[in-house]
Structures are given as C-alpha cells and as structure tokens.
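Student: Make a model of this:
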Amino acid sequence: MTNADIGATSRAHATPRFEDLAGRTAVVTGGSRGIGAATCLALARSGARVAINGRDPDALAASVAAVRAAGGEAIAAPADCADLAQVERMRRHIGEHWGAVDLVLAFAGGGTGRPMPLQDISEQDWRSSLDNNLTSTFFTLKTFLPDLLARGRGAILTMASAGGRVAAGAPAGYGAAKAGVIMLTRHLAQEAGPRGVRVNCISPSAVLTERTRANLSPEQLARMLPGFPLGRLGTPEDIAAAALFLLSDASSWITGVTLDVAGGRIML
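Tutor: Take a look at the predicted model:
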C-alpha cells in the first residue's frame, strides 16, 4: 500500500450485488469518473442496464468500456446536466435504446474553486457552484420523474456532500448547493412517495477519487485521517455499495433520507 492509499483499502471486489436490480434500466449522471463510474460498474454487476452520462467524451467512453468489459450493458448518454434541453435530449436518447428508466442517479456535480471569504466569491463562481450541483440535479429529476410516476415505481438517488452537511472547509457556494440538494430530495420524496417512487440522498465525505489523488499529497491525506473514526478515507466502491442498497428493494421502506457515507466524520 502506497502513501497515496493511506487508510484506504480497495473494495472493488467487495461491492454487494442486489438481484432485484437485474433487468432494470438506470441513468447515472456524472457517471464517467470517480464515484459515478464505480457506481455504474456496481449496477452492471447486479445486472442493471446503465446509461452513463458525462461531458468528457474520452472519460465517458472509458466508463462505458469498463462496464462492457465486466459483461454489463451500457450506453453513453452525453449531456451537460445544467442545460435542460440537453438533459431532455438525453432522456429521448435513452428511451430509443431501452425505453423508460427505472433508476435515476443524479450524481453530476463537483466543487468549483477553493474556500474563500464570502465577500471575495465572484458572481461567476457562485452561479457555477449552483448550476453544476443544484440546478443540474433539479433538471435531471424534472426530466426523468414523469416516466417513473407514470409507471408507479422506481427509485431516485441524489448526491450531496459532507460540505452540505457541516460548515467545515468546503467553498460556500458548493456547500450551499449541496445543502439545497438535500432539501430538494426531501421535498420530492414527500411528493413522489404516495405514487410509488422512493427518493433518497447519499452524502460522502473524503473519497479517494482520481481528482483527490491528483490534488492532495500523501502527507495531506495522512493529516486528514484523525478526523475519521474508522481510520481511513473512503473509496468510490464504498459509495457505490451504499448507493445500490438505497436503490434496491432492500431499502423499500426508506425514502427522504440523507445517508452520510463518511467514515464517522459526519454524525447527524
């Protein structure tokens, strides 16, 4: 184990499989890298068909190829999820291949910029944070929800962050956007529950994605460990395992929750 992996153990082969997901169609926004890509692979291993969304053609092609190499079914569904017209085209594209989706994973988003005093945040950075995280989630839910409601079944999973749960170092715009995702999830869960659709949110803390490994030194990663009672940072497979649980029938009496997958760092 290298210093870059300090405190983390690969869980690529430990992700559980849920037989009830077999044959279902999932769309995963932000599925071309990191947590999204790991979740696409986990869904495919449970037998789901996966429409993988992303903006980078190379990363998107690599994620699709990884699913197919594992014996799963996947198609690319390129779109900028902060653009409603593009999301609507993506839904039509998926429908032409597989019909209506059963599972919606609104994972597109990410941090923009570094933490700074509120008065120093530019209008562009603020709007970018909200568009990339909250607006993209809203457009995804708005576009795919009608098909789920029409069929009276399905599950939706949104992506928050520890930065939206506690004020602890994330950029203010990012934290506000992710907190908004949590409340949007609760509103929709209350609205859609009586019509057979469950809506939950998953909220990771520090995860060893490609971006984390590129941006943080082994020494920086080591300094983070004391903040995690379980003694390690997360992996994309940790988040994927929790995601599959919330999508499966194993969580059939759970809706409107935010699950902190955070190694004990967040306890709310």
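Student: Next one: the closest residue to G256 other than its chain neighbours relative to V257, how far apart?
Tutor: Once flanking residues are discounted, G256 sits nearest to A189: 3.4 Å by CB to CB, 6 or more residues apart in numbering. From N, CA and C alone the C-beta is placed, and that goes for glycine too. Distance of A189 to V257, given as CB to CB, to the nearest Å: 8 Å.
Student: cool, S129 as well?
Tutor: As judged by CB to CB, S129 and V257 stand 24 Å apart.
Student: more crowded one of those two?
Tutor: Neighbours per residue (other CB atoms under 10 Å) separate S129 from V257, with S129 holding more: 26 against 18.
Student: Which residue ranges of this structure form strands?
Tutor: Secondary structure of the chain (DSSP state E): strands located at 25-29, 49-52, 73-76, 103-106, 155-159, 198-204, 258-261.
Student: Out of the ones you listed, the one nearest D125 is which?
Tutor: strand 155-159 (20.1 Å; CB to CB).
Student: neighbouring strands for the closest one, and are they parallel or not?
Tutor: Here strand 155-159 is paired, per DSSP bridges, with strand 103-106 (parallel), strand 198-204 (parallel).
Student: who touches the nearest residue to G164 once chain neighbours are set aside in this structure?
Tutor: Take G164 and drop its neighbours on the chain: the residue closest to it by CB to CB, 6+ apart is K178, 2.7 Å away. Counting by CB atoms under 8 Å, 6 or more residues apart in numbering, K178 touches G109, N133, L134, A160, S161, G163, G164, R165, A170, S203.
Student: mind checking pLDDT for K178?
Tutor: We have a pLDDT of 98 for K178.
Student: Then R213?
Tutor: 87.
Student: In the stretch 1-150 of the chain, where is pLDDT below threshold?
Tutor: 1-14, 112 (pLDDT under 70).
Student: Please enumerate the helices of it.
Tutor: Secondary structure of the stretch 1-150 of the chain (DSSP state H, counting those that start in this stretch): helices located at 34-45, 57-69, 84-98, 123-130, 136-151.
Student: and E210, which of those is closest to it?
Tutor: Among the helices of the stretch 1-150 of the chain, helix 34-45 comes nearest to E210, with 6.1 Å by CB to CB.
Student: Quick one: end-to-end distance for stretch 202-212.
Tutor: 19 Å (CA to CA, to the nearest Å).
Student: coming back round to it: winner for burial among the strands paired with strand 155-159?
Tutor: strand 103-106 (a mean of 27; mean count of other CB atoms under 10 Å).
Student: What lies in contact with that one?
Tutor: Looking at what lies outside strand 103-106 - CB under 8 Å, 6+ apart - the contacts are 21, 24-29, 31, 36, 39, 43, 48, 81, 136-137, 140-141, 144-145, 148, 154-159, 243, 247.
Student: switch to 7 Å and redo it
Tutor: Counting contacts by CB atoms under 7 Å, 6 or more residues apart in numbering, the residues outside strand 103-106 that touch it are 24, 26-29, 39, 48, 137, 140-141, 144, 154-159, 243, 247.
Student: Show me the residue at the heart of the chain, geometrically.
Tutor: F107 (3.0 Å; CA atoms, centre = their mean).
Student: Relative to E19, how far out is that residue?
Tutor: Plainly put, F107 is 23 Å away from E19 if you go by CB to CB.
Student: so what's A26 bridging to?
Tutor: Applying DSSP bridges, one finds that A26 bridges with V50, L103.
Student: Run through the residues that contact it.
Tutor: Taking CB under 7 Å, 6+ apart as the test, what A26 contacts is L43, A48, R49, V50, A51, V101, D102, L103, L105.
Student: A70: what's it in contact with?
Tutor: Contacts of A70 (CB under 7 Å, 6+ apart): L41, A44, R45.
Student: residues touching A189, list them.
Tutor: So A189 contacts V199, T255, G256 (CB under 7 Å, 6+ apart).
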